[in-house]
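Asker: no FASTA, just this:
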């Protein structure tokens, strides 16, 4: 029977958990409090970095959208009109002034 990498990872994770629990149980109350404070401080720093990262990402994508729109307008100046016409076409009634397209041969 071969060892599945998933089983090996589970075994290693379990061993690390047991060692961590043993280390925690052997700590004094003061050391436990220090560790808890350290973890809280690290969690707050991580949260602050994540929040600033979200803000930076939002600013980046807003800037990217603006630049892309400007570049598109520069290279295709009638883009707004074209897209507006494309998406805002109403189902126009059949115009009787233009003859329908003919297919096939016509006899004179």
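Answerer: That came through, no problem. Keep in mind that this is a model prediction, so the values were computed, not measured.
Asker: Going by C-alpha atoms from here, please, whenever you check contacts or count neighbours.
Answerer: Fine.
Asker: Can you report how many residues neighbour residue 67?
Answerer: 12 (other CA atoms under 10 Å).
Asker: Now it: phi and psi?
Answerer: phi -60, psi -40 (degrees, to the nearest 10).
Asker: Number the residues from 3 up from this point.
Answerer: In the new count, where the first residue is 3, that last one comes out as residue 69.
Asker: How much space separates the spatially most central residue of the chain from residue 47?
Answerer: The residue lying closest to the centre of the chain (CA atoms, centre = their mean) is residue 59, at 9.9 Å. Residue 59 sits at a distance of 18 Å from residue 47 (criterion: CA to CA, to the nearest Å).
Asker: Give me the neighbour count for residue 81.
Answerer: For residue 81, the neighbour count with other CA under 10 Å is 14.
Asker: wait, what's in contact with it?
Answerer: 74, 75 (CA atoms under 8 Å, 6 or more residues apart in numbering).
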